[in-house]
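*Asks:* When you get a sec, could you give me coordinates for this:
(chains A and B)
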Amino acid sequence: MSTNTTLAKGAARRRRHDHPLWFLIPALAVLVVFFFVPTLFNFVYAFTDWSSFKSAIGFAGIDNFVSLFSNGTLLNALKVTLVYAVLVAVFQNVFGLALALLLERDTRVNRAVRVAFFIPVVMSALAVGYIFQALLKPDGALNGILGALFGTEMAIPWLGSTTWTIVVVAVIHAWKWMGLSMLIYLAGLKTIGEDVLEAARLDGADRWTMFRAIRFPLLAPAVTFNVATALLGSMNGFDIVQATTEGGPGGTTELLNIFIFRTFGQGLFAQATTMSLVLFLTVTILAFPVIRFLRKREDVL
Amino acid sequence: MKNTFRTALALAAAGVLALTGCSDPGTDADTGGPVDWPAQDTDLTGTVLTIWAAQNSNTVPEGVVAGFEELTGAEVEIVTIPDPYEQGIQTKVATGDKPDLAFWQPTASQLTALNASQNLQPLDDAPWLDAYKPELRDITGILDDTRYAALITTPAVQGVYYNKEVFAANGVTDIPADWDSFVQLARDLKEDGVTPFHEMAADRWGTQWWVQVQLADATADGLWDRVNANEEQFTDPTVQDAIETYQGLIEEGLFNEDIKTATFEDQGAALLDGDAAMVMQVNSFFGQLQSLADTETLDRKIGFFPIAPSGNVGTFVPDQANALVAFKTGDAERESAARQLLSYWLGEGYEDFVNDQSTVSLQSDVETPADVPEALLSVSDSLADSVGSMQALAIANPDLYIYLADMIQGTKTPAEVAEATQSQFAELAKAQGAEGF
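*Replies:* Just a heads-up that it's a prediction; the model follows:
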């Protein structure tokens, strides 16, 4: 062990001598120009009055923040975004885990079915949105199928309820991404040692107990990854909701990104930047506790 | 070593900051004096012009452009900018990307949104202006007394499209002459078991016409000047009452039952099939009807009349396909070629253009082709004594239609619609640096 560390240290020192640090400058310059500066400007422009209406850009202090927070639309959009993110995280993980458990065994059929469930992941999100919008129209295919099954004319506006539409679009989002969650859960299931499962079986655990007491707790790293990516990824959601509802009906699915898009389209670039800063801060504030909590769960093992 | 690295990092950061400074990349304007208008057939061999067009206007220039290329030897590229068109162009122009010409809504609010005085060529002494029918010459395209847009087709008019057969079947012989008789007609039709009006709140954008036509009299009285100066607001009685009247008509049951989920497509089918008697809409609705039926059927079934509180006054709302703007690109030769193309379009090329597009002519000396449907002729006839819409006259164009759709869905009250519209309008006006905000 001790020899190993000395070796490693020696190697590191030698490498440092081989490559002076200023060799980093070209790469660093690229990183600064294409990453740090745009990010920085995302912050800077939030404090200006940049718009499409005039050429000069002036400092505006916290004007944008004051007017955004005094106007209820931003808070409403933020609320909608959070509800959407939580719903997506729940649905996507429930669907993904269920699929992973169903398709766990490596049979030929299962492999084919896994591929089928993974296809939506690589599809264009806008295409998914438009397809579902067509399916869920009052005279769309879903109502047609239901009507044929029950023998009556169906005209349910699936995307027309001011209460339930957000659930429907969250399900669509989860449907698109559930293949990815499935894949990660499958990988997680594969890492569980056969000996642990065998020991449990010898102790007389039934399938449910096995899942509840052994397999699910051992899946904790996969849960961390899936919940965090689903939750934080859907905070940045835009395409699916834009394609299905454009934020309607009655603004009940207006995610922050749709609001930003609308504001940007009005030529209010600084306000749009301010909103994206607010979104960035919200995601950051949410990310740390969520990830810490999920990582804590892993430690229990 | 560590220090060298730190110095390098600091230098790099300082350099980048110095390079990028806080300025709008879209700025490079020079305001020249009066411009010359080259003859329409000046040789332009080797000149390449770019026209930006939207998905629904990109075929409009094809014929004209072909004629121009043949006459002058210029090369003209038509580039389609995907929807949402206006957003796309604003973003491109803000980041310094400009075409020579673009289709653009010739209204005050949209010319402001493009920062016209900085980015667009003034067209004040254009040679074609006297060819316009006198009443259409100055109807739109002008901002702060400078002309920036060239109108090529008749602007849309907000008004009522009605099903002639439904009117006839219910014994309606005269079209209503004012708002009260219009609403009375709807009530009578409802009693006869006909759905009087059709609205499409799922697609949202048509909702605003109902409020705007009610403002026609106030508009003639200077409403939008007062709103632009912040002397009157959307929350004041004029606009507020119009919103409430609209909601009242909906609550009274004068609209289709599926108002919340109906779409633009549904609206066209409903009027054509006689499921509803009337639709408050603009020209693009007629375009939708044309995709569903031929001219002969449309002439038999569909009529148009403008409506306002005091009489049959239309409210015009020019859109992106009606006009073009020429950009200041900084290249004098191409700027001049762009003006030459406009001169040709509205000069020698105009007759072919209206025939090719089967559209109503704006010029006294050019005949409107015979295959233009009757309803469109009524629309164009109503233009002469029409008044401007919110889009045409207000300095900013708030999302009134979204808030009205919210009201129909039940998530906003009429008062909240007016408040949301006013606050967005004030935000936009403030960003423009308008006085009073």
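
*Asks:* Outline the domain layout of the chain.
*Replies:* Reading this off chain A. In the assignment given by automatic domain parsing, the structural domains of chain A cover A:1-47, A:68-299.

*Asks:* I was after chain B.
*Replies:* With automatic domain parsing as the criterion, the domains of chain B are listed as B:33-155+B:319-366, B:156-317+B:389-432.

*Asks:* for the domains of chain A, which one ends up most surrounded?
*Replies:* For those, the stretch with the most neighbours on average is domain A:68-299, a mean of 18; neighbours defined as mean count of other Cβ atoms under 10 Å in any protein chain shown. Quick note: C-beta positions are derived from backbone N, CA and C, even for glycine.

*Asks:* and that one, how far apart are its ends?
*Replies:* Using Cα to Cα, to the nearest Å, the end-to-end distance of domain A:68-299 comes out at 41 Å.

*Asks:* Just confirm yes or no for it near chain B.
*Replies:* Yes: for a cut-off given as Cβ under 8 Å from any Cβ of the partner chain, domain A:68-299 has contacts with chain B, namely A:71, A:73, A:138, A:155, A:157, A:160, A:162, A:246-252, A:261-262, A:264-271.

*Asks:* With distance to B:Val239 as extra columns, can I get the domains of chain A in TSV?
*Replies:* As requested, the domains of chain A are arranged in TSV below (distance: least, Cβ to Cβ, whole Å):
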stretch	distance to B:Val239
domain A:1-47	32
domain A:68-299	19
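
*Asks:* what sits against the residue of the stretch 201-301 of chain A found nearest chain B?
*Replies:* Nearest residue of the stretch 201-301 of chain A to chain B, counting by Cβ to the nearest Cβ: A:Gly250, 3.2 Å away. For A:Gly250, the residues meeting the contact criterion (Cβ atoms under 8 Å, 6 or more residues apart in numbering or on different chains) are A:162, B:405-406, B:409-412.

*Asks:* Name the nearest of these relative to B:Glu333.
*Replies:* Of all the contacts of A:Gly250, B:Ala405 has the smallest distance to B:Glu333: 47.4 Å, by Cβ to Cβ.

*Asks:* State the distance from B:Ala429 to B:Ala66.
*Replies:* Separation of B:Ala429 from B:Ala66 (Cβ to Cβ, to the nearest Å): 43 Å.

*Asks:* more crowded one of the two?
*Replies:* For B:Ala429 and B:Ala66, the more surrounded residue by other Cβ atoms under 10 Å in any protein chain shown is B:Ala429, and the numbers stand at 23 against 14.

*Asks:* Give me the pLDDT value at the more buried one.
*Replies:* The per-residue pLDDT reported for B:Ala429 equals 91.

*Asks:* does it really touch B:Gln233, like I thought?
*Replies:* No: distance between B:Ala429 and B:Gln233: 11.0 Å, which falls outside the contact criterion (Cβ atoms under 8 Å).

*Asks:* rewinding a little: please list the members of the residues of domain A:68-299 next to chain B that lie in helices.
*Replies:* Cross-referencing these against helices under DSSP state H gives A:73, A:261-262, A:264-265, A:269-271.

*Asks:* With mean pLDDT and distance to B:Gln340 added, can I get the domains of chain A in a markdown table?
*Replies:* Compiled in a markdown table, the domains of chain A are given as follows (pLDDT from 0 to 100; distance: least, Cβ to Cβ, whole Å):
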| stretch | mean pLDDT | distance to B:Gln340 |
| --- | --- | --- |
| domain A:1-47 | 75 | 39 |
| domain A:68-299 | 91 | 30 |
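
*Asks:* who touches the residue nearest to B:Trp179 when sequence neighbours are not counted in this structure?
*Replies:* Nearest non-adjacent residue to B:Trp179, counting by Cβ to Cβ, 6 or more residues apart in numbering or on different chains: B:Pro309, 4.4 Å away. With Cβ under 8 Å, 6+ apart as the criterion, the residues that contact B:Pro309 are B:178-179, B:214, B:216-217.

*Asks:* Look at the residue of the stretch 251-400 of chain B found nearest chain A and give its secondary structure.
*Replies:* Scanning the stretch 251-400 of chain B for the residue nearest chain A gives B:Thr261, at 4.1 Å (criterion: Cβ to the nearest Cβ). The assignment at B:Thr261 comes out as coil when based on DSSP: H, G, I helix; E, B strand; the rest coil.

*Asks:* what do you get for B:Ile78?
*Replies:* Secondary structure of B:Ile78, per three-state DSSP, is strand.

*Asks:* tell me the secondary structure for the closest residue in space to it that isn't next to it in sequence?
*Replies:* Leaving out its chain neighbours, the residue that sits closest to B:Ile78 by Cβ to Cβ, 6+ apart is B:Ile51, at 5.0 Å. Here B:Ile51 is recorded as strand under three-state DSSP.

*Asks:* Is B:Ile51 bridged to anything, and to what?
*Replies:* Going by DSSP bridges, B:Ile51 is paired in beta bridges with B:Ile78, B:Leu101.

*Asks:* Going along the chain, name the helices of the stretch 1-150 of chain A.
*Replies:* A:2-18, A:25-31, A:37-44, A:63-70, A:72-102, A:108-122, A:125-136, A:141-150 (DSSP state H, counting those that start in this stretch).

*Asks:* Next up, the contacts around A:Leu244.
*Replies:* You called it Leu, but residue A:244 is Thr. The contact partners of A:Thr244, by Cβ under 8 Å, 6+ apart, come to A:129-130, A:132-133, A:136, A:159, A:169, A:172.

*Asks:* one more time with 10 Å
*Replies:* Counting by Cβ atoms under 10 Å, 6 or more residues apart in numbering or on different chains, A:Thr244 touches A:126, A:128-136, A:158-159, A:165, A:168-169, A:172-173, A:253.

*Asks:* Can you tell me how far it is from B:Ala53?
*Replies:* With distances taken as Cβ to Cβ, A:Thr244 is found 28 Å from B:Ala53.

*Asks:* One more: A:Phe91?
*Replies:* Counting by Cβ to Cβ, the gap between A:Phe91 and B:Ala53 amounts to 41 Å.

*Asks:* which secondary structure elements does the longest strand that chain B contains contact?
*Replies:* The strand spanning the most residues in chain B, taking DSSP state E as the definition, is strand B:156-163. Contact here means 3 or more Cβ pairs under 10 Å, 6 or more residues apart in numbering or on different chains; DSSP states H and E; on that basis strand B:156-163 packs against helix B:179-191, helix B:207-214, helix B:264-272, strand B:276-281, helix B:283-292, strand B:302-305, strand B:315-317, helix B:374-382.
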